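Chemist: build the 3D model from these lines:
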Amino acid sequence: MGACDNQPVAGVSVEEALAELDRVLGSKIFAHSARLGRFLKFGVESALAGRTDVNEYSIGVDVFGRDASFDPRIDPIVRVDARRLRTKLKEYYEGEGANDRLEICLPLRTYIPVFRTRDGQPTPATSISQFRRENGVRESIGVIPFTNLSADRDVEYFADGLTEELIFALATLNEWRVVAGDPVTRDTRRPDLREINAELNIDGAVWGTVRKSESGFRISAQLFTTKDRIVLWSQMFEASVDNVVPMQTEIARAICDRVCKRV
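Modeler: Presented below is the predicted three-dimensional model:
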């Protein structure tokens, strides 16, 4: 199966497209994913209608029932479910839908599905999978306690609170097996990836550092694979010393959002 792109297949009729949609929605994989089913149905019907106005806001309101105040920058539900939908479609076409002539594909950075012709034989994905899925077990991600790089105890308290907020944010998505690292292993150096992989049995991890700056706290966060030692994402954040708890929550959600886009 080739990688998703945004080039539709010429000559696919509306009847063929809707028939494929029915097959996918009637599969075991989508049997207990009503919300993702609605998302896919909305996308396919929008594509067949030639709509060009589909975006995160319209999906949040029309599919997920958010009210008019819905702000995709704060609530990442559409991006998170788009990632879940891509995963479900991949599972379907590698299993029950292996012999389907058409493939419904949701390319990255878009919410309008396209159709691809297939040879009917499941093949390994051509894109690099950073988080493995074996024997039906959910992908696992660890949260290593953020490290305090300053002598100030307030920075350590902030790092501990940020770690807890991030664990909560990732766990509430119910997307991964979230594993919390042991606080006693906190170190000022980069974590030993081999030890982490052996002890926690995780595919990837989020870790970072916190230091005191003139204006408050400076946070460095990164997502990496534990087996290949590949840094998938890294970013710096600034936090004010005022309203510490809301800042911890805001940064944890921002990190969670970035992680969702990378796995």
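Chemist: which stretches of the stretch 1-150 of the chain have low pLDDT?
Modeler: The stretch 1-150 of the chain contains residues with pLDDT under 70 at 1-12, 118-138.
Chemist: would you list every one of the strands in it?
Modeler: Using DSSP state E, counting those that start in this stretch, the strands of the stretch 1-150 of the chain run over 102-105, 114-117, 140-143, 147-148.
Chemist: mind checking which helix or strand residue 234 is in?
Modeler: In the assignment (DSSP states H and E), residue 234 maps to strand 231-240.
Chemist: what's the closest non-adjacent residue to residue 235?
Modeler: Distances taken as C-beta to C-beta, 6 or more residues apart in numbering place residue 221 nearest to residue 235, at 5.9 Å, with adjacent residues excluded. Heads up, the C-betas are built off the backbone N, CA and C, glycines and all.
Chemist: doesn't that neighbour lie inside a strand?
Modeler: Yes: residue state for residue 221 (DSSP: H, G, I helix; E, B strand; the rest coil) corresponds to a strand.
Chemist: I'd like the distance between it and residue 25.
Modeler: Using C-beta to C-beta, to the nearest Å, we find residue 221 at a distance of 37 Å from residue 25.
Chemist: repeat that for residue 32.
Modeler: Relative to residue 25, residue 32 is positioned 12 Å away (C-beta to C-beta).
Chemist: neighbour count winner among these two?
Modeler: For residue 32 versus residue 25, neighbours defined as other C-beta atoms under 10 Å are more numerous around residue 25 (19 against 8).
Chemist: surely that one meets residue 38?
Modeler: No: with contact defined as C-beta atoms under 8 Å, residue 25 does not reach residue 38; the gap is 9.5 Å.
Chemist: quick check: most distant residue from the centroid of this structure.
Modeler: residue 151 (34.6 Å; C-alpha atoms, centre = their mean).
Chemist: that one belongs to a helix?
Modeler: No: Residue 151 is assigned coil when assessed by three-state DSSP, not a helix.
Chemist: what about residue 61, how many neighbours?
Modeler: Residue 61, neighbours per other C-beta under 10 Å, totals 14.
Chemist: what does the one 10 residues further on give?
Modeler: Burial of residue 71, expressed as a neighbour count using other C-beta under 10 Å, amounts to 10.
Chemist: do the same with residue 216
Modeler: 15.
Chemist: what does the pLDDT read for it?
Modeler: Residue 216 is assigned a predicted lDDT (pLDDT) of 85.
Chemist: is it bridged to anything, and to what?
Modeler: residue 240 (DSSP bridges).
Chemist: what does residue 220 give?
Modeler: In this entry, residue 220 is beta-bridged to residue 209, residue 236, by DSSP bridges.
Chemist: isn't it right up against residue 234?
Modeler: Yes: assessed by C-beta under 8 Å, residue 220 is found in contact with residue 234 at 7.2 Å.
Chemist: looking at these two now, which is surrounded by more residues?
Modeler: residue 220 (16 against 12).
Chemist: what's near enough to touch that one?
Modeler: Going by C-beta atoms under 8 Å, 6 or more residues apart in numbering, residue 220 touches 208-210, 234-237.
Chemist: ok, now with 10 Å
Modeler: 146-147, 149, 207-211, 234-237 (C-beta atoms under 10 Å, 6 or more residues apart in numbering).
Chemist: out of those, the closest to residue 84 would be?
Modeler: residue 235 (22.8 Å; C-beta to C-beta).
Chemist: redo the strands of the stretch 1-150 of the chain as JSON lines? Include distance to residue 170.
Modeler: Formatted as JSON lines, the strands of the stretch 1-150 of the chain follow (distance: least, C-beta to C-beta, whole Å):
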{"stretch": "strand 102-105", "distance to residue 170": "27"}
{"stretch": "strand 114-117", "distance to residue 170": "30"}
{"stretch": "strand 140-143", "distance to residue 170": "7"}
{"stretch": "strand 147-148", "distance to residue 170": "18"}
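Chemist: most neighbours per residue, which of those strands?
Modeler: For these, the largest average neighbour count (mean count of other C-beta atoms under 10 Å) is found in strand 140-143, namely a mean of 24.
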